[in-house]
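Engineer: what shape does this take:
(5 chains)
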Amino acid sequence: MRAAARPVAAQEGTGMFIAKVIGNVVATQKNEKFCGMKLLLVQPYISKGGMLESSGSSVVAVDSVGAGIGECVLFTQGSSARLTQTTKDTPVDAVIVGIVDTVEVDGKVLEKP
Amino acid sequence: MRAAARPVAAQEGTGMFIAKVIGNVVATQKNEKFCGMKLLLVQPYISKGGMLESSGSSVVAVDSVGAGIGECVLFTQGSSARLTQTTKDTPVDAVIVGIVDTVEVDGKVLEKP
Amino acid sequence: MRAAARPVAAQEGTGMFIAKVIGNVVATQKNEKFCGMKLLLVQPYISKGGMLESSGSSVVAVDSVGAGIGECVLFTQGSSARLTQTTKDTPVDAVIVGIVDTVEVDGKVLEKP
Amino acid sequence: MRAAARPVAAQEGTGMFIAKVIGNVVATQKNEKFCGMKLLLVQPYISKGGMLESSGSSVVAVDSVGAGIGECVLFTQGSSARLTQTTKDTPVDAVIVGIVDTVEVDGKVLEKP
Amino acid sequence: MRAAARPVAAQEGTGMFIAKVIGNVVATQKNEKFCGMKLLLVQPYISKGGMLESSGSSVVAVDSVGAGIGECVLFTQGSSARLTQTTKDTPVDAVIVGIVDTVEVDGKVLEKP
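Structural biologist: Numbers count the residues shown, from 1 in each chain, chains lettered A, B, ... in the order given. I've put the predicted structure just below:
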């Protein structure tokens, strides 16, 4: 039966991921705490077979480090996303906290997406 | 073996998503803090192949920005969902925080659902 | 390759869902804060193709509104689940917050499960 | 197209689940707040077709109720996992909060795993 | 219909997992609270069929116990990830809290990855 064959998978509901900034979102009518925030669309990437591979859903994240389109970033989700100066006490649940220079797996620097 | 072929996927347990308001939910008998709240059914959309594509489960979210049926919105989940005036200190775990004007990916404005 | 064909899916790790109460759970030996709580087994339902369809895993949720077996309810997960009087300061992570009267999608009232 | 056929699934990122204690984990070098804690490996079970069926990933959970290998337990995840005396203010994200006596679905007591 | 055959799966959005440290991430431009933190890439492993099997996505986690590449570790996600001295009040959502000596399932010590 197919169902039984499906692998059980560790699901990282929260966690921090590597992602590529792929776009941006504009919303004029919004919660006042979002004013001035840069809303970016990020696509998570994971390490797989010695490469960084696009995986999972694109998410909207607030920028807190000056990230731009096409950059490889580190983003945080969940309540920890409110622990930057930009997002303090705001209804923000995903924030970019760093720009990734290198990802190294098994002693090899992976090509960035 | 099939199981081994399944891609590992970054799971965004929380995060902020783009969604379309597809319906509403009426509950008369409810927690008193929900009184006066507008409960909307939202369907998440993700960016895929230059389009916004319906993805994942419909969720019930509280409106905090005057969103209506058919509108494309931004919603927040998790503890951050309690950081709007509408949802402060309530048992609410998903809230609409903005009405999306445009989503731009690779320099192209995507058609809204 | 199969893996590449798998759709990326917006994963709602937390959020509020519509569910049907399908059973109950009895635990005599338990954390003292659970004493007196009614532990129900709920099956989430989502809106799909103009119907409410069973989806995802059955979860154990604490009742805070007098819900009974067979009823269609609204439940909240995550830290927000501790924001009802019943669940305040308890190690409870899922709570029923309302009994659903109607779910309306595209102007049509969906049949309850 | 395969992607379109995949069911959207309500993802319970947090929530409370029924699980079976299947093993234990020993870690000597660890965060000091873990000292004295019993780390158990639990396998979630869900109600499906009138049975309790193994589902999802095995998780490491701290015991707070004297659970042992082979027992059917109730466990809580997320920030609520810190609301027991055993896990207060610790970096623990999953805790066993009860030992399950019975799970009843559709008026029938399910066989425990 | 394929959709109906898909197993409902308990999704552990948060929780604690066993993982292998597979790499590291360098980010020069980052949130100031990340300064001095060691960012490691960890691959979750679950117990399956008497073995530890790679499962789910690689995640970025902060080290709090002196873990190194190739080691088998225990990591915590969600708000609990901020409960170590290393990660207190930081926008960190995943932290390594222990180095795993043994994982025992059904009375058998599993081989570490």
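
Engineer: residues touching A:V65, list them.
Structural biologist: Counting by Cβ atoms under 8 Å, 6 or more residues apart in numbering or on different chains, A:V65 touches A:V73, A:I96, A:V97, A:G98, A:I99, E:Q29, E:K30, E:N31. All C-beta atoms are positioned from the backbone trio N, CA, C, and that covers glycine.

Engineer: distance of it from chain D?
Structural biologist: Separation of A:V65 from chain D (Cβ to the nearest Cβ, to the nearest Å) stands at 25 Å.

Engineer: just the pLDDT for that residue.
Structural biologist: Looking at A:V65, its pLDDT is 98.

Engineer: now the helices for chain A?
Structural biologist: Under the criterion DSSP state H, chain A carries helices at the ranges A:2-5.

Engineer: just for it, where's the confidence low?
Structural biologist: For chain A, applying pLDDT under 70 flags the ranges A:1-14.

Engineer: about what we covered before: what about the contacts of A:V65, which are in strands?
Structural biologist: Judged by DSSP state E, the subset of the contacts of A:V65 located in strands is A:V73, A:I96, A:V97, A:G98, A:I99, E:Q29, E:K30.

Engineer: and those, which is closest to chain D?
Structural biologist: A:V97 (19.0 Å; Cβ to the nearest Cβ).

Engineer: so the closest one sits right up against A:R82, yeah?
Structural biologist: No: counting by Cβ atoms under 8 Å, A:V97 stays clear of A:R82, with 11.7 Å between them.

Engineer: give me the more crowded residue out of these two.
Structural biologist: A:V97 (30 against 22; other Cβ atoms under 10 Å in any protein chain shown).

Engineer: and the more buried one, what does it touch?
Structural biologist: Contact analysis of A:V97 by Cβ under 8 Å, 6+ apart lists A:M16, A:S64, A:V65, A:L74, A:F75, A:T76, A:T84, E:K30, E:N31, E:F34, E:P91.

Engineer: neighbours around the last one, how many?
Structural biologist: Right, the one you point to is E:P91. By other Cβ under 10 Å, the residues close to E:P91 number 30.

Engineer: got phi/psi on the residue nearest to it when sequence neighbours are not counted?
Structural biologist: Distances taken as Cβ to Cβ, 6 or more residues apart in numbering or on different chains put A:L83 closest to E:P91, at 3.9 Å, once the chain neighbours are dropped. Dihedral pair for A:L83: phi -90, psi 20, per degrees, to the nearest 10.

Engineer: residues in contact with the most centrally placed residue in chain A?
Structural biologist: Among the residues of chain A, the one closest to the centroid is A:F75, at 4.1 Å (Cα atoms, centre = their mean). For A:F75, the contact set (Cβ under 8 Å, 6+ apart) comprises A:M16, A:F17, A:A19, A:V42, A:V59, A:A61, A:A94, A:V95, A:I96, A:V97.

Engineer: quick revisit: and for A:V97 and A:R82, which residues touch both?
Structural biologist: With Cβ under 8 Å, 6+ apart as the test, A:V97 and A:R82 both reach E:P91.

Engineer: rewinding a little: just the ones in strands from the contacts of A:V97, please.
Structural biologist: Assigned to strands by DSSP E, the following of those qualify: A:M16, A:L74, A:F75, A:T76, E:K30.

Engineer: and the residues you listed, which are buried?
Structural biologist: Those of the ones in strands among the contacts of A:V97 that meet the buried threshold are A:M16, A:L74, A:F75, A:T76, E:K30, by 16 or more other Cβ atoms under 10 Å in any protein chain shown.

Engineer: quick one on the thing from earlier: of the contacts of A:V97, which is the nearest to A:V25?
Structural biologist: Nearest to A:V25 out of those is A:F75 (Cβ to Cβ; 14.5 Å).

Engineer: that closest one and A:D106, how far apart?
Structural biologist: As judged by Cβ to Cβ, to the nearest Å, A:F75 and A:D106 stand 24 Å apart.

Engineer: buried subset of the ones in strands among the contacts of A:V65?
Structural biologist: Applying 16+ other Cβ under 10 Å to those flags A:V73, A:I96, A:V97, A:G98, A:I99, E:K30 as buried.

Engineer: tell me if I'm right that the fourth one and A:C72 touch.
Structural biologist: It refers to A:G98. No: taking Cβ under 8 Å as the definition, A:G98 is not a contact partner of A:C72, at 9.8 Å.

Engineer: what residues of stretch A:52-67 count as buried?
Structural biologist: Applying 16+ other Cβ under 10 Å to stretch A:52-67 flags A:52-65, A:67 as buried.

Engineer: give me the distance from that stretch to the chain's centre.
Structural biologist: How far stretch A:52-67 lies from its chain's middle: 3 Å, per Cα atoms, centre = their mean, to the nearest Å.

Engineer: endpoints of it, how far apart?
Structural biologist: Stretch A:52-67 stretches 19 Å from its first residue to its last (Cα to Cα, to the nearest Å).
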